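S.K.: Turn this into a structure:
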Amino acid sequence: MRLYKGFFLASAAALSFSVLAQSSGSGGLQSPSSGGAGLGRAVSEAALAEFDLIVGGSGENLPAGSGTAAEGQAVYEANCMVCHGPEGEGVTGATRLVGGDMQSEGPPLKTVGSYWPHAVTIFDYVRRAMPADNPKSLSDEAVYQVTAYLLHMNGIVEREDVIDADSLPEVVMPNADGFEDHSATR
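M.R.: Purely as a prediction, here's the structure:
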């Protein structure tokens, strides 16, 4: 058994060094002599822009655009309904988006209306991760529209309310006070 373990470790080390040697000569891994730690790759500004999509809890970094639930229904039906169902009930193992009363006991049902404390988080998540089979494929306008529709399906905004960078942070979620902020105690 020790022979196999030793062989495995030696093989893994040899493979690692081979990959490192090949990568460092072709612009792959950053070398310590170039100011890097010898790990990872330099990220171009264009590649970094793809990840610079995070919207803060109070709405910082929300892009231009707007939408209503009336407009968002078509976006939802075309991109979301296949997994989340026509009423947001969740199908094929996908997350349920609608329903769930505010519970005081037991594990919470984590829907948009009963769990999420900030409306901007819906926009942020949909923009970066949905639809699951083609993340980041929706325009900012479409993300505002589907966000408005999800809020409407949960009874939080009206069908014709305009959701944009100014109005979205003002939406008060049912669970806005359901989380404790421990950041000051660290």
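S.K.: tell me the phi and psi of residue 121?
M.R.: phi -70, psi -30 (degrees, to the nearest 10).
S.K.: Not counting sequence-adjacent ones, nearest residue to residue 126?
M.R.: residue 143 (5.3 Å; Cβ to Cβ, 6 or more residues apart in numbering). C-beta: built from backbone N, CA, C; applies to glycine.
S.K.: Identify the residues contacting that neighbour.
M.R.: Residue 143 makes contact with 65, 67, 123, 126, 127 under the criterion Cβ atoms under 8 Å, 6 or more residues apart in numbering.
S.K.: ok, and the closest non-adjacent residue to the second one?
M.R.: On the basis of Cβ to Cβ, 6+ apart, the spatially nearest residue to residue 67 that is not a chain neighbour turns out to be residue 145, at 3.1 Å.
S.K.: so what's the one you found up against?
M.R.: Listed by Cβ under 8 Å, 6+ apart, the contact set of residue 145 reads 67, 68, 69, 71, 72, 74, 75, 163.
S.K.: Top of the contacts of residue 143 by number of neighbours, please.
M.R.: residue 123 (28 neighbours; other Cβ atoms under 10 Å).
S.K.: quick one: the strands in the chain?
M.R.: Secondary structure of the chain by DSSP state E: the strands cover 66-67, 163-164.
S.K.: List of residues touching the first one?
M.R.: So that's strand 66-67. Outside strand 66-67, the residues within contact range by Cβ under 8 Å, 6+ apart are 141, 142, 143, 144, 145, 146, 147, 148, 162, 163, 164.
S.K.: what does the last one give?
M.R.: The list of residues contacting strand 163-164 from outside it, by Cβ under 8 Å, 6+ apart, reads 62, 65, 66, 67, 68, 144, 145, 147, 148, 151, 157, 171.
S.K.: mind listing what that strand pairs with, with the direction of each?
M.R.: Taking DSSP bridges as the criterion, strand 163-164 sits next to strand 66-67 (antiparallel) in its sheet.
S.K.: Let me see the mean pLDDT of the strand it pairs with.
M.R.: Strand 66-67 carries an average pLDDT of 98.
S.K.: now stretch 105-124
M.R.: For stretch 105-124, the per-residue pLDDT values average out at 87.
S.K.: Just the buried positions in that stretch, please.
M.R.: Neighbour-count burial for stretch 105-124, with 16 or more other Cβ atoms under 10 Å as criterion, is recorded at 111-116, 118-124.
S.K.: so of the residues you listed, which ones are in helices?
M.R.: When helices are assigned by DSSP state H, the members of the buried residues of stretch 105-124 inside them are 119, 120, 121, 122, 123, 124.
S.K.: Of the contacts of strand 66-67, select the buried ones using a PyMOL command.
M.R.: Written as a PyMOL command, the selection of buried residues from these, which uses 16+ other Cβ under 10 Å, is:
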select buried, resi 141+142+143+144+145+146+147+148+163+164
